[in-house]
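**Q** Structure, please.
(one chain, ligands or ions: 1)
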Amino acid sequence: MPHLLDSGPASLLIVDDDITVVQVLAKALAGIGSIRYALSGADALRLLEQEPPDVVLLDAHMPGMSGFDVLGAMRAHPQWEDIPAIFVTSDTSQGMEEEGLAQGAADFIGKPFHPAIVAARVRTQLRLKRALDRLRQLSSIDALTGIANRRTLDETLLRECKRSQRSRTAIAVLMLDVDHFKRFNDTYGHGAGDDVLVQIARALERSSNRPADLVARYGGEEFTMVLPDTDGDGAMAVASTLMANVAQLKIPHSASATGFLTVSIGIGCFDKASDHWHQAPSDFREPSTTSTLVCAKALLATADQALYAAKQAGRARAILERCNQVMPS
Ligand SMILES: Nc1nc2c(ncn2[C@@H]2O[C@H](COP(=O)(O)OP(=O)(O)OP(=O)(O)O)[C@@H](O)[C@H]2O)c(=O)[nH]1
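**A** Below is the predicted model of the structure:
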């Protein structure tokens, strides 16, 4: 699972119907990052789709789809809307520049251009883009463990609940709580407690091998996994792997019956054994926001209830409970 703070090498996209301009720009930008180019607006969209770049250099006038059209498509796309686009054009009229900037271009460079100035302006946009990406990442991750925070969990859970409701696929939420963690902190110190939380986060990451799974810190010593397209049996299998991975850490804990730190896990799920599956396909409607919220809350509440049951039953175990309510639409 990639770390949320990873940010690879810079990637630039040059869009111009004149291959000579592309070559001159590519030479000017050599060394800043990897460069791809498109000779038309349609090709540019294909490359954006393949992998969003960090900065786009855009010719305003191209036959067919113009630079303005490409910019419009970028601003309307959730994954491309924040990619800076720099217009590079021979039309240097004030009206043109005004329109480009008004439509969301980050900068405007007139042809003929000075290669060193193009490179400097691209570097500036790159720095701004990196800073914005970093801010986004920081607001979505937990500072101690580097995994997703509660905010990311809430967003992901709603998105995956909607997907599950639409496609009628299973979904499970796993909630993990470290056993006797207060006594661990009291015995070994808060710093050692923090180290344990980091190790547990890594163990959670190792226990999931599907890219759609999300591992998040719910708060304190509680962690959550959202497991899309996973039924109760599948989620219990993940829980077994997780408990084995935690046991392998062999973290001494004098308050634990085994002498080592353990965790308790509660799982809530909607799967074929849950009532909402019995809805006839002809009844299906696009899930309302309210019903998706109900689905997310039910999963979290059921996982929490199952976690409480695991604690009551003696800790160091996983308990599964199915959400058995019919989905409102
Ligand atoms: N070191 C450290 N401790 C934390 C952090 N967040 C919460 N805690 C501690 O986690 C402990 C949770 O205690 P309780 O809720 O009583 O649960 P517990 O001691 O694990 O007992 P059971 O859950 O019943 O097994 C408290 O002592 C909190 O201070 C953190 O970020 N770092």
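**Q** The residue of the stretch 151-300 of the chain found nearest the ligand: what secondary structure?
**A** The ligand sits closest to Gly193 of the stretch 151-300 of the chain, with a gap of 2.5 Å, by C-beta to the nearest ligand atom. Placement of C-beta: from N, CA and C, glycine included. Assigned with DSSP: H, G, I helix; E, B strand; the rest coil, Gly193 falls in the helix class.
**Q** As a check, name the ranges of all strands in the stretch 201-329 of the chain.
**A** Along the stretch 201-329 of the chain, counting by DSSP state E, counting those that start in this stretch, strands occupy 214-219, 222-228, 263-270, 318-322.
**Q** what about the first one, near the ligand?
**A** Spelled out, that is strand 214-219. No. Using C-beta under 6 Å from any ligand atom, strand 214-219 stays clear of the ligand, coming no nearer than 7.4 Å.
**Q** Please compute how far that strand lies from its chain's middle.
**A** 12 Å (C-alpha atoms, centre = their mean, to the nearest Å).
**Q** Need the nearest residue in space to Leu300, chain neighbours excluded.
**A** Val173 (6.1 Å; C-beta to C-beta, 6 or more residues apart in numbering).
**Q** and the one you found, what element?
**A** Per DSSP states H and E, Val173 falls inside strand 171-178.
**Q** residue contacts, the residue of the stretch 151-300 of the chain closest to the ligand?
**A** Residues near Gly193 by C-beta atoms under 8 Å, 6 or more residues apart in numbering: Phe181, Phe184, Asn185, Glu221.
**Q** one more time with 7 Å
**A** Residues near Gly193 by C-beta atoms under 7 Å, 6 or more residues apart in numbering: Phe181, Phe184, Asn185.
**Q** Leaving out the residues flanking it, which one is nearest to the first one?
**A** Translated: Phe181. Spatially, and ignoring its direct neighbours in sequence, Phe181 is nearest to Glu221 (4.4 Å; C-beta to C-beta, 6+ apart).
**Q** Got phi/psi on that neighbour?
**A** phi -100, psi 30 (degrees, to the nearest 10).
**Q** Who wins on neighbours among the contacts of Gly193?
**A** Comparing these by number of neighbours (other C-beta atoms under 10 Å), Phe184 comes first, having 23 neighbours.
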